[in-house]
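Visitor: Need coordinates for the below:
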Amino acid sequence: MTSAPLRRRHVLQLAGAGTIASATAGLAGAAPASAAEIPPVRPDLGVGAYPFPLGQVRLTAGRFLDNQNRTLNYLRAVNTDRLLYVFRANHRLSTGGAAANGGWDAPTFPFRSHMQGHFLTAWAQAWAVLGDTTCRDKANHLVAELAKCQANNAAAGFTAGYLSGFPESDITAVENRTLTNGNVPYYCIHKTMAGLLDVWRYIGTDQARTVLLALAAWVDTRTARLSAGQMQAMLGTEFGGMNAVLADLYQQTGDQRWLTVAQRFDHQAVFNPLAAGQDQLNGLHANTQVPKWIGAAREFKATGATRYRDIAANAWNITVGAHTYVIGGNSQAEHFRPPNAIAGYLTNDTCEQCNTYNMLDLTRELWLLDPNRAAYFDYYESALLNHLIGAQNPASANGHVTYFTPLRPGGRRGVGPAWGGGTWSTDYDSFWCCQGTGLETNTKLMDSIYFYNGTTLTVNLFVPSVLTWTQRGITVTQTTTYPVSDTSTLTLSGTMSGSWSLRVRIPAWTSGATIAVNGTVQNVAVTPGSYATVTRTWAAGDTVTVRLPMRVIMKAANDNPAVQAVTYGPAVLCGNYGNTTLNALPALTVASITRTGTGGLAFTATANGQPVTLGPFHDAHGFNYTVYWNTAATTTYKLVNAVSGLVLGVRDMSTADGGLAVVWGDTGTADHRWERVADGTHVRFRNVNSGKVLGVENMSTADDAPVLQWSDTGTADHRWTLIDNGDGTVRIRNAHSGKLLGVLGGSSTWGTQAVQRPDNGSADNRWRLVAG
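Guide: Numbers count the residues shown, from 1 in each chain. Okay, here's the model as predicted:
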């Protein structure tokens, strides 16, 4: 039995009349009817700002709401019996005739049973945000069935409290370092525990608490019997954020036991270098590390021990400063590369989505500790907009996502993992880690727009939304088309009493920002990379207009100043190359970048001598793109033959593919000038007149094959090596054929065909590169 793909219409048909109203309200961004969160018993230590409960902020019309609604379609319709298959099978219960899932939740896959925790969290968040009863009921049903699995442990031969898709013998094997099947049981258990915790605190389900505490007690029993050395050795297998979820459980319950267990999962091989501010990330699996750092931040909030804070802050500084691409993502082939290695790793498997999801979680944790550091949310905004928002496929009714975001020239979104493959995620046959974090991302897009502390409200993100500041009886409505527009308007309503402060993030990339109240620009500091504060006694109907002027800013790769990306305000711009294959970074004429209107983020530019359209990367779907460009200074050269003194040009100044290269007297025409474009250890020669590059007819390797111009398709015959002769001349060797650029017959006659020739020492194979 296989399930048909889920569709929005099918969702409503399945739901029945009683649920249709709820579904429609959710799609409209309506406020929840009842979604009170259960607060933790213990307050977080060291914090300087507080988030609003999820239900106090709702999204309004815009890209963020669209992403949320597509994800809700999927959450409302997914088959919970299929999600329960691996749990029921492992705990020796009937699978009820349900079909097994494919992908990472297939019955023998090493990550099976991780996805269900993500669903629990996403359903719980959908309830907290929207009061979505369908999601609430699915979460509660899954929890009830998991409780039955846990209750059957004795019959299954498992220890009390255990709950997993893996036999408990895998835990023994991972403890003994004998696990060889690739399974990551603690990674999956972390997801289950986090989902149960969220169902308990967001929905208030007591059964989720009961199942969670029993599973946590099992973790305590298993890990308490290990020596410190055994425990640290076991942490060499990916375990997710076990320290984070257990620290959260300590905060939620006040039971010291869970902090003790959390601290057993402190991975000292990773923590010790970070505590000392050392970057030893090269070669580490990236998403294995970031959840540990989140755990350190949460352990600081639980204990106040500054070592934890330092580990988390240093990890953030190192990762963002030395391992992050312009879109806010990190990693290549899922691993950290050497510090500052960006331009050297522009591939199809860059920027795993999970890494960025977790980096945003870490960023938020750190900002709450240091809410005056605007750089945290400058990064947050960039990564959320340019990576995570665009990682969802807008053509998918169910909000499916990509695993990697390719940054190679000519990349296209929709690339699955090396292990498990695919393009976009699917309803039942993918269930990658990034599909799980995608569910979580797109059900809490409102959680970091606004924050408060006492009588101060902070606006960190510019997203169409409505805040209900229940504690003060105030509603704040944010209206904006940002980043298409540089302006956001905040309208205040409700009961206004006394004086309070409004703090607005002023991003580091802006200049000349203004904040106006009821049309009057305020005399407040608007320093880029800081917060502007307006303190006054407000009145219902007051409007605050925030203007953050944007301009094109080029951002260079850490390891190559000539490799740059184009940004406009918070948005990364990419070049739209349709279905054209790119094999090298296009050479961008930076001065040519021009915005074509104010109704969208549409720009034009010249690259490789040809026009190209640029647009926001978060909207780059269905076409090949480039995010990075070659911006090396485009000095032009004349290629002067050492024997004849004639210059290399194109017959009849042709601009067509196949235009023949010839030698001619230096008459100053544009076809006599060539740009030398770096291409690794080679160069390409691009004709200034035509924009085409020098190559060899039909990629021939034969002597005297004609040299001509062609569109820059990246073929090897377009690449040349310069060999210094030590006398002011060079030999120009073709990378494909190994032969030299020369003149047919060594002729000195105007119009003679340029050809490739063997390196026989002939003087006509020598050239002078004359700038100008």
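Visitor: What about Pro570, how many residues nearby?
Guide: 22 (other C-beta atoms under 10 Å). Bear in mind the C-beta positions are built from the backbone N, C-alpha and C, glycine included.
Visitor: List the residues that contact it.
Guide: 381-382, 385-386, 483, 507, 509 (C-beta atoms under 8 Å, 6 or more residues apart in numbering).
Visitor: Which helix or strand contains the nearest residue to Leu639 once chain neighbours are set aside?
Guide: In space, and not counting its chain neighbours, Leu639 is closest to Leu648: 4.0 Å by C-beta to C-beta, 6 or more residues apart in numbering. Leu648 is part of strand 647-650 when elements are defined by DSSP states H and E.
Visitor: ok, and what's touching that strand?
Guide: Here strand 647-650 has contacts from 638-641, 659-666, 669, 671-672, 674, 687, 689-690, 709, 741, 754, 767, using C-beta under 8 Å, 6+ apart.
Visitor: likewise stretch 524-537?
Guide: Contacts to stretch 524-537, defined as C-beta under 8 Å, 6+ apart, come from residues 372, 374-375, 378, 456, 458, 496, 498-511, 513-515, 517, 522, 544.
Visitor: Could you do stretch 741-748 as well?
Guide: Stretch 741-748 is contacted from outside by 639, 641, 643-644, 646, 648, 663, 694, 704, 707, 720, 731-734, 752-757, 762-765, 767, using C-beta under 8 Å, 6+ apart.
Visitor: Pull out the buried residues from these.
Guide: Taking 16 or more other C-beta atoms under 10 Å as the criterion, what is buried in the contacts of stretch 741-748 is 639, 641, 643-644, 646, 648, 663, 694, 707, 720, 731-734, 752-757, 764-765, 767.
Visitor: picking up where we left off before, mean confidence for the strand holding Leu648?
Guide: Averaging pLDDT along strand 647-650 yields 97.
Visitor: Kindly report the same for stretch 762-772.
Guide: 89.
Visitor: gap between the two ends of that stretch?
Guide: Here the two ends of stretch 762-772 are set 27 Å apart, with distance taken as C-alpha to C-alpha, to the nearest Å.
Visitor: Need the contact partners of that stretch.
Guide: 635-644, 648, 673, 676, 722, 725, 728-732, 740-743, 746-747, 757, 759.
Visitor: tell me the mean pLDDT over the helix or strand that contains Leu75?
Guide: Secondary structure from DSSP H and E places Leu75 in helix 63-77. Averaging pLDDT along helix 63-77 yields 99.
Visitor: now the helix or strand following that helix, how far from the centre of its chain.
Guide: As assigned by DSSP H and E, the chain's next helix or strand after helix 63-77 is helix 80-90. Using C-alpha atoms, centre = their mean, to the nearest Å, the mean C-alpha position of helix 80-90 is found 30 Å from that of the whole chain.
Visitor: again, but for stretch 237-245
Guide: How far stretch 237-245 lies from its chain's middle: 21 Å, per C-alpha atoms, centre = their mean.
Visitor: Kindly report the same for stretch 431-448.
Guide: That offset, for stretch 431-448, works out to 12 Å (C-alpha atoms, centre = their mean).
Visitor: quick check: mean pLDDT across it?
Guide: pLDDT averaged over stretch 431-448 gives 99.
Visitor: Do me a favour and get the end-to-end distance for that stretch?
Guide: 26 Å.
Visitor: go on, stretch 652-668?
Guide: So stretch 652-668: terminal residues 14 Å apart, C-alpha to C-alpha.
Visitor: Tell me the spacing between Leu196 and Phe119.
Guide: According to C-beta to C-beta, to the nearest Å, Leu196 stands 12 Å off from Phe119.
Visitor: Could you check which of these two has the larger neighbour count?
Guide: Counted by other C-beta under 10 Å, Leu196 and Phe119 do not tie: Leu196 has more neighbours, with 34 against 24.
Visitor: and that one, that's in a strand?
Guide: No. Counting by DSSP: H, G, I helix; E, B strand; the rest coil, Leu196 is not part of a strand but helix.
Visitor: gap between the nearest residue to it once chain neighbours are set aside and Lys191?
Guide: Nearest residue to Leu196, sequence neighbours excluded (C-beta to C-beta, 6+ apart): Leu212, at 3.9 Å. To Lys191, Leu212 is 12 Å away according to C-beta to C-beta.
Visitor: Which of the contacts of strand 647-650 are buried, as a ChimeraX select command?
Guide: Buried residues among the contacts of strand 647-650 (16+ other C-beta under 10 Å), as a ChimeraX selection:
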select :638,639,640,641,659,660,661,662,663,664,671,672,674,687,689,690,709,741,754,767
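Visitor: I'd like to know which of the contacts of strand 647-650 are part of strands.
Guide: Per DSSP state E, strands hold the following members of the contacts of strand 647-650: 638-641, 661-664, 674, 687, 709, 741, 754, 767.
Visitor: Neighbours of Gly204, how many?
Guide: Count around Gly204 with other C-beta under 10 Å applied: 17.
Visitor: Let's see the pLDDT reported for the closest residue to it other than its chain neighbours.
Guide: Using C-beta to C-beta, 6+ apart and skipping the chain neighbours, the partner closest in space to Gly204 is Ile38 (5.7 Å). For Ile38, the pLDDT comes out at 96.
Visitor: my guess is Ile38 contacts Arg201, does it?
Guide: Yes. The pair Ile38 / Arg201 is scored as a contact, 4.6 Å apart, by C-beta atoms under 8 Å.
Visitor: Looking at these two, which one has more neighbours?
Guide: Of the pair Ile38 and Arg201, Arg201 is the one with more neighbours under other C-beta under 10 Å, namely 19 against 13.
Visitor: and the helix holding Leu75, how far from the chain's centre?
Guide: Relative to the centre of its chain, helix 63-77 is centred 19 Å away, using C-alpha atoms, centre = their mean.
Visitor: Which other helices and strands does it contact?
Guide: helix 8-15, helix 17-27, helix 115-130, helix 133-151, helix 433-441 (3 or more C-beta pairs under 8 Å, 6 or more residues apart in numbering; DSSP states H and E).
Visitor: Identify all contacting residues around whichever helix or strand comes after the last one.
Guide: I take that to be helix 433-441. The helix or strand immediately downstream of helix 433-441 is strand 450-453, counting by DSSP H and E. The contact list for strand 450-453, computed with C-beta under 8 Å, 6+ apart, reads 48-52, 57, 368, 371, 457-460, 465, 467, 469, 471, 476.
Visitor: Pull out the buried residues from strand 450-453.
Guide: Per 16+ other C-beta under 10 Å, strand 450-453 contains these buried residues: 450-452.
Visitor: what's the span of stretch 594-611 from first residue to last?
Guide: In stretch 594-611, first residue to last residue: 11 Å (C-alpha to C-alpha).
Visitor: got the buried residues for it?
Guide: Buried, per 16+ other C-beta under 10 Å, within stretch 594-611: 595, 601-603, 605-609.
Visitor: Find the centremost residue of the protein, please.
Guide: Nearest residue to the geometric centre of the chain (C-alpha atoms, centre = their mean): His387, 3.5 Å.
Visitor: how about that one, secondary structure?
Guide: helix.
Visitor: Next, work out how far apart it and Pro185 are.
Guide: Distance from His387 to Pro185, by C-beta to C-beta: 29 Å.
Visitor: Verify the contact between Asp713 and Thr581 for me.
Guide: Actually, residue 713 is Thr rather than Asp. Yes. With contact defined as C-beta under 8 Å, Thr713 counts as touching Thr581 (7.0 Å).
Visitor: neighbour-wise, which of those two wins?
Guide: Comparing Thr713 with Thr581 by neighbour count (other C-beta under 10 Å), the higher total belongs to Thr713, at 15 against 10.
Visitor: sec struct for the more buried one, please.
Guide: coil.
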